[in-house]
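Enquirer: sequence-free structure coming up:
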């Protein structure tokens, strides 16, 4: 699996190099308009309307309100990068005991306005089979829409993409986002491989600790989200704080025991 991922990544780099070579003649560089800008706390427009995989008109807000949401912006007929993103997402989710449709929702939106609900339906069936979680069909949604619907959502989360008319493909960044139940951007995770621990902690934080276990609270105390890398990193300061608190509690307990012994000794002497 790792070898296949490496080969696919190399192929994606070669594709990128090909695009760069095509632009070396002085033409407009579409990559200048591609990236993933952090907009933590940004509110996504929940009134945007899309078509779901069954062709039903839905609003983005239908998938928010109770649980955090993992947002993936891809396009379904992408020859390489989008598949890597979705495959990496599935691998991370399979390693978690959280399940789509229970602790969180997944919303996948195509950035290609030419794609149809039938294509989205095929893609959903493919990834539900790969995910293998009961009830996930109600927790993972594949949407399509027009440019007027897609672009405001992408802008709200800082996802910059561009269409290359020469190749007929979209240039875009690699990453996924975690949003709060209210629709605000909480966390970014970059690349095509995602840490199950990081996604789990991101979902717990985005839910304001409404999901997860006491172990998650301990991990969140020890690990801190680094917006520069899009990962949770171990922080020694948290351990020092814990050690300091335990030391103070230990000294307090020792002082209490000593004072209690002194009082008992004084009481016996008085008697």
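Expert: Arrived safely. Nothing here was measured: the structure is a model prediction, and the numbers come from that model.
Enquirer: which other helices and strands contact the helix or strand hosting residue 203?
Expert: Using DSSP states H and E, residue 203 falls within helix 196-206. Judged by 3 or more CB pairs under 8 Å, 6 or more residues apart in numbering; DSSP states H and E, the packing partners of helix 196-206 are helix 81-94, strand 175-179, strand 185-190, helix 214-222, strand 223-226, strand 231-234. Bear in mind the C-beta positions are built from the backbone N, C-alpha and C, glycine included.
Enquirer: any idea which of the ones you listed scores lowest on pLDDT?
Expert: Confidence, taken as mean pLDDT, is least for helix 214-222 of these (a mean of 56).
Enquirer: contacting residues around the residue nearest to residue 138 when sequence neighbours are not counted?
Expert: Leaving aside its sequence neighbours, residue 138 sits nearest to residue 101 (CB to CB, 6 or more residues apart in numbering; 4.6 Å). Residues near residue 101 by CB atoms under 8 Å, 6 or more residues apart in numbering: 133, 135-140.
Enquirer: residue 260 too?
Expert: Residue 260 makes contact with no residue, according to CB under 8 Å, 6+ apart.
Enquirer: so it sits in a strand?
Expert: No: read with DSSP: H, G, I helix; E, B strand; the rest coil, residue 260 is helix and lies in no strand.
Enquirer: which of the contacts of residue 101 has the most neighbours?
Expert: Comparing the contacts of residue 101 by number of neighbours (other CB atoms under 10 Å), residue 140 comes first, having 24 neighbours.
Enquirer: so what's it closest to, chain neighbours aside?
Expert: residue 106 (4.4 Å).
Enquirer: now the one you found: how far from residue 164?
Expert: Residue 106 sits 27 Å away from residue 164, going by CB to CB, to the nearest Å.
Enquirer: roughly how far does residue 116 sit from residue 161?
Expert: For residue 116, the distance to residue 161 (CB to CB) stands at 19 Å.
Enquirer: and those two? Which one has more around it.
Expert: In this view residue 116 and residue 161 are compared by other CB under 10 Å, and residue 161 has more residues nearby, 21 against 14.
Enquirer: what is the burial count for the closest residue in space to the more buried one that isn't next to it in sequence?
Expert: Ranked by CB to CB, 6+ apart and with sequence neighbours excluded, the top spatial neighbour of residue 161 is residue 172, at 3.8 Å. Using other CB under 10 Å, the number of residues around residue 172 comes to 24.
Enquirer: kindly report the same for residue 98.
Expert: 18.
Enquirer: against residue 251, how distant is it?
Expert: 40 Å.
Enquirer: and for residue 32?
Expert: 59 Å.
Enquirer: circling back: more neighbours: which of residue 106 and residue 164?
Expert: Remark: of residue 106 and residue 164, residue 106 carries more neighbours, 23 against 15, as counted by other CB under 10 Å.
Enquirer: read off the pLDDT value for that one.
Expert: So, for residue 106, pLDDT stands at 97.
Enquirer: quick one: residues contacting it.
Expert: 69-72, 89, 93, 100, 139-141.
Enquirer: same question for residue 182.
Expert: When contacts are counted by CB under 8 Å, 6+ apart, residue 182 touches 43, 64-65.
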